[in-house]
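>>> Sequence first, then the predicted structure:
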Amino acid sequence: MFTEEGIFPIGDGLLDVDAERLKGLLVSHDINEIYEVEQTPFASNSYSNTNTTKQLFPFAAFAFAD
């Protein structure tokens, strides 16, 4: 059973998030201030492109889909 405070399952794998909890999950900074984003995607499909990123502080590699 899902027990994370402020996040509720609503069926078919979807979640509902309280407004207050959502404020804590979202970041208002520009992604380029936090990550160095490769301009060429390493994977792509009809839904998104996936780019390699490097977190600037501390240095660690991640990937994200846009």
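That came through, no problem. Numbers count the residues shown, from 1 in each chain.

>>> Where do the strands of the protein begin and end?
Using DSSP state E, the strands assigned to the chain run over residues 7-11, 14-17, 35-37, 43-44, 49-55, 60-65.

>>> Return the member of those strands having the minimum mean pLDDT.
The weakest mean pLDDT among the strands of the chain belongs to strand 60-65, with a mean of 57.

>>> For I7, list the residues it contacts.
Counting by CB atoms under 8 Å, 6 or more residues apart in numbering, I7 makes contact with L15, D16, V17, D18, R21. Heads up, the C-betas are built off the backbone N, CA and C, glycines and all.

>>> Closest to E5 out of those?
R21 (7.1 Å; CB to CB).

>>> what's the closest non-adjacent residue to the closest one?
G6 (3.0 Å; CB to CB, 6 or more residues apart in numbering).

>>> Roughly how far does V17 sit from S48?
For V17, the distance to S48 (CB to CB, to the nearest Å) stands at 21 Å.

>>> Which residue of those two possesses the greater neighbour count?
Set side by side, V17 and S48 show more neighbours around V17, with 15 against 12, by other CB atoms under 10 Å.

>>> Same question for the longest helix seen in the chain: list its buried residues.
Criterion DSSP state H: the longest helix present in the chain is helix 19-25. When burial is assessed from 16 or more other CB atoms under 10 Å, helix 19-25 yields no buried residues.

>>> pLDDT on that helix, on average?
85.

>>> Check the offset of it from the chain's centre.
Distance, stretch centre to chain centre, for helix 19-25: 14 Å (CA atoms, centre = their mean, to the nearest Å).

>>> Can you tell me what sits against that helix?
With contacts defined as CB under 8 Å, 6+ apart, helix 19-25 is touched by E5, G6, I7, V17.
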